[in-house]
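**Q** Just a sequence and a predicted model for now, questions to come.
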Amino acid sequence: MTGPAWLVLPTFNEAENLETVVAAARRVLGQAAPEGFRVLVVDDGSPDGTGAMADELAAAHPGEVEVLHRPAREGLGPAYLAGFDRALSAGAGHVFEMDADLSHDPADLARLLDAVRDGADLALGSRYVAGGGVSDWGLVRRAISRGGSRYARAVLGDGFRDLTGGFKCFRREVLEAIDLPTVRSHGYAFQVELTYRALRAGFRVVEVQIVFRDRQAGVSKMSARIAVEAVWKVPALRMRRP
Ligand SMILES: Nc1nc2c(ncn2[C@@H]2O[C@H](COP(=O)(O)OP(=O)(O)OP(=O)(O)O)[C@@H](O)[C@H]2O)c(=O)[nH]1
Ligand SMILES: [Mg+2]
C-alpha cells in the first residue's frame, strides 16, 4: 500500500486559473488515486491574490487542498523543492508536478499515474512523442522549445524526446534518492536536472504523450534568464557525471 498522491502546483499570479485547475485536479485525482490525494498550492506571495484564493479553496476542501505560502518569488525550482519536502514528510506515495495555468490538462494526471503503476518510477508528460503536441504556439516558440529539447537530448544523450516539460509523476522513492537539497536550477534546467538525476540513479523513466495548450489567461513568466540558465546548466549536469 503506497501513500496518497500529492499534486504540487506552483503559482505566481494565477488568480484567473486557480479555481478551474484545482477543481479539475480534485475531480481527476478523486477518481484516479484510490490511496487518496492532496493538491498542494505553492504560492510565492503573488501580488494578484492567488495565495488568499488558495486559502479559501483549502478551507472549502479540507484534507484535499493545502497551501504553502512562501514570502518572495524565488522561481519554479525552489517552489517545487519546498512542495516536495512537504509532500514527502506527509507520507506521499506519488508526487506530481503540473503547471497551474491549464497548459497541462489535469485529465492527463490519470495517465501519468497509470504509467507509474505499470512499472515506471518517473513518468514524463511529453509533447514530442507520437500523439503528443503543442496547440496554439507560434512558429518561433515551437522552434525554441523543440530546439531546447533537442539540445538537452544531444548533450545528455539519453534518447528522451521532451526533457524540458514540467508535467511529471514521481514515485516517492525517486525524490528520496536524488538528493533534492543540492538541486540549484530554477526554470527549464530544473526539469532537465531532476530527470537526469533520476536516470543516473538507475530509475525507469517513461514518456507519456500529452498535448500542451498555451495559457488562455494570465501572464507568462518565461524569461530570457530562464532560457539562458538552461543553455549552460545542461552541459554542467553532464560534466558532473561520475
Ligand atoms: N511558486 C512559483 N510559481 C511559479 C514561479 N514562476 C512560475 N511559476 C508557476 O509555474 C508554472 C509555469 O510557469 P509559466 O508562467 O506558465 O511559465 P511557462 O509555462 O514557462 O510560460 P508560458 O508557456 O508562457 O505560460 C505556472 O503555474 C506559474 O504560475 C515562481 O517563481 N514561483
Ligand atoms: Mg505556462
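**A** Thanks, I have the structure now. Numbers count the residues shown, from 1 in each chain. Ligands and ions are numbered 1, 2, ... in the order given.

**Q** how many neighbours does the closest residue to ligand 1 within the chain have?
**A** At 2.7 Å from ligand 1, residue 220 is the closest residue in the chain, using CB to the nearest ligand atom. Placement of C-beta: from N, CA and C, glycine included. Other residues near residue 220 come to 10 when the count uses other CB atoms under 10 Å.

**Q** I'd guess it is in a helix, am I close?
**A** No: using DSSP: H, G, I helix; E, B strand; the rest coil, the assignment for residue 220 is coil, not a helix.

**Q** Could you pull up phi and psi at it?
**A** phi -70, psi 140 (degrees, to the nearest 10).

**Q** Is the lowest-mean-pLDDT helix or strand in the chain positioned near ligand 2?
**A** Ranked by mean pLDDT, DSSP states H and E, the weakest helix or strand in the chain is helix 224-239, scoring a mean of 78. No: remark: helix 224-239 sits outside contact range of ligand 2, by CB under 5 Å from the ion, the gap being at least 11.5 Å.

**Q** now residue 217, what's its secondary structure?
**A** Quick answer, by three-state DSSP: residue 217 is coil.

**Q** pretty sure it contacts residue 16?
**A** Yes: using CB atoms under 8 Å, residue 217 makes contact with residue 16 at a distance of 3.9 Å.

**Q** more neighbours, the two?
**A** residue 16 (16 against 11).

**Q** Can I take it that residue 125 is in a strand?
**A** Yes: assessed by three-state DSSP, residue 125 belongs to a strand.

**Q** how about the CA coordinates for the least confident helix or strand of the chain, as CSV?
**A** These are the backbone C-alpha positions of helix 224-239, laid out as CSV (Å, rounded to 0.1, in the frame of the first residue of the first chain):
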residue,chain,number,x,y,z
ALA,A,224,15.4,35.0,-21.1
ARG,A,225,17.2,34.4,-17.9
ILE,A,226,15.5,31.0,-17.5
ALA,A,227,16.4,30.0,-21.1
VAL,A,228,20.0,31.1,-20.6
GLU,A,229,20.2,29.2,-17.4
ALA,A,230,19.2,26.0,-19.3
VAL,A,231,21.9,26.6,-22.0
TRP,A,232,24.7,26.5,-19.6
LYS,A,233,23.3,24.2,-16.8
VAL,A,234,22.6,21.3,-19.1
PRO,A,235,26.2,20.7,-20.1
ALA,A,236,27.2,21.3,-16.5
LEU,A,237,25.0,18.4,-15.5
ARG,A,238,26.8,16.2,-18.0
MET,A,239,30.2,17.3,-16.7
